[in-house]
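Only the shape, not the letters, is given here:
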């Protein structure tokens with residue numbers, strides 16, 4: 001891809017993942033040209049690349065848009081993550097070096113500090129640290145093929161918004177899972193690491209489903225208040 005195409009790809013992708021372009025948003029070429037500062041050809045190349053990654057959908061008579069995610073889509077994505085990241089954790093437990101375990105420990109402690117303080121912008125800091133934690137495990141697993149398979153699944157926008165649905169209890173459970181995964185690595189126990197990672201991801205899916213159920217049965221103003229406190 002050209003430099004202009006890469007620029008457009010990076011800008012559009014970032015806005016999709018951050019939620020600036022939420023599900024259902026029509027991605028009009030004229031507007032994207034203005035926002036990205038490039039011509040139509042780089043925009044089209046970027047959109048095709050994003051389509052291959054599952055971040056853009058081409059609908060008849062509507063053009064490119066950010067896809068909506070059904071309950072079945074979410075179930076499939078979390079099931080895939082549980083299997084693939086569970087395997088990665090088990091493999092990492094047999095190969096991880098002390099330096100990587102110490103890095104995971106520091107990252108877990110950083111996440112706990114972020115949640116304890118909740119300074120302005122803490123959500124982005126938490127998500128960045130969480131991504132670092134999971135990427136460290138993938139690196140320790142030592143399988144580029146698995147990393148490539150997981151890249152598109154982990155980066156789906158829904159993963160970035162799952163944190164918004166977490167209650168305080170959900171966050172505490174997630175942090176506890178991180179600690180237990182580290183313990184499994186220190187013990188070199190692949191089955192323990194695999195089991196906790198799968199539980200970690202199933203719990204994330206459950207939190208998302210519960211929030212959607214609550215939203216369906218709760219008045220809008222109450223949902224808005226809950227959404228702010230749950231972050």
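Done, it's in. These numbers come from a predicted model, not from an experiment.

So for the top helix by length along the chain, what gets flagged as buried?
In the chain, with assignment by DSSP state H, the single longest helix is helix 190-217. Across helix 190-217, burial judged by 16 or more other C-beta atoms under 10 Å covers 190, 192-201, 203-205, 207-208, 211, 215. For every residue, glycine as well, the C-beta is placed using N, CA and C.

Give me the below-cutoff pLDDT ranges for this protein.
1, 152, 154-162, 211-231 (pLDDT under 70).

could you pull out the strands for it?
Ranges of strands in the chain, per DSSP state E, are 57-59, 63-65.

returning to what we had before: give me the distance between the longest helix of the chain and the centre of its chain.
Distance of helix 190-217 from its chain centroid, counting by C-alpha atoms, centre = their mean, to the nearest Å, is 13 Å.

just checking, what packs against that helix?
Applying 3 or more C-beta pairs under 8 Å, 6 or more residues apart in numbering; DSSP states H and E, one finds that helix 190-217 contacts helix 71-93, helix 157-162, helix 168-187, helix 220-230.

I'd like to know which of these is closest to residue 103.
helix 168-187 (10.2 Å; C-beta to C-beta).

how far off helix 190-217 does that closest one point, in degrees?
Angle of helix 168-187 versus helix 190-217, following axes from the mean of the first three to the mean of the last three C-alpha atoms, to 10 degrees, is 170 degrees.

and helix 168-187 with helix 71-93, angle?
Using the same axes, to 10 degrees: helix 168-187 against helix 71-93 is 30 degrees.

what about residue 24, neighbour count?
10 (other C-beta atoms under 10 Å).

and what of the one 4 residues further on?
In terms of burial, residue 28 registers 13 neighbours under the definition other C-beta under 10 Å.

what's it in contact with, if anything?
Residues near residue 28 by C-beta atoms under 8 Å, 6 or more residues apart in numbering: residue 63.

Pop the domain breakdown of this structure in here.
For the chain, automatic domain parsing gives the domain ranges 3-65, 71-230.

The residue nearest to residue 68 when sequence neighbours are not counted and residue 47: what is the separation?
Of all residues beyond its chain neighbours, the one nearest residue 68 is residue 23 (4.6 Å), with distances taken as C-beta to C-beta, 6 or more residues apart in numbering. Separation of residue 23 from residue 47 (C-beta to C-beta, to the nearest Å): 16 Å.

what does residue 198 give?
Taking C-beta to C-beta, one finds residue 198 at 35 Å from residue 47.

What degree of burial does residue 151 show, as a neighbour count?
11.

The closest residue to residue 88 other than its chain neighbours: how many residues sit nearby?
Ranked by C-beta to C-beta, 6+ apart and with sequence neighbours excluded, the top spatial neighbour of residue 88 is residue 141, at 4.2 Å. As a burial measure, residue 141 scores 23 neighbours (other C-beta under 10 Å).

can you pull the contacts of residue 141?
87, 88, 89, 91, 92, 95, 147.

Residue 207 versus the residue lying closest to the last one once chain neighbours are set aside, what's the distance?
Meaning residue 147. Take residue 147 and drop its neighbours on the chain: the residue closest to it by C-beta to C-beta, 6+ apart is residue 138, 5.0 Å away. Residue 138 sits 22 Å away from residue 207, going by C-beta to C-beta.
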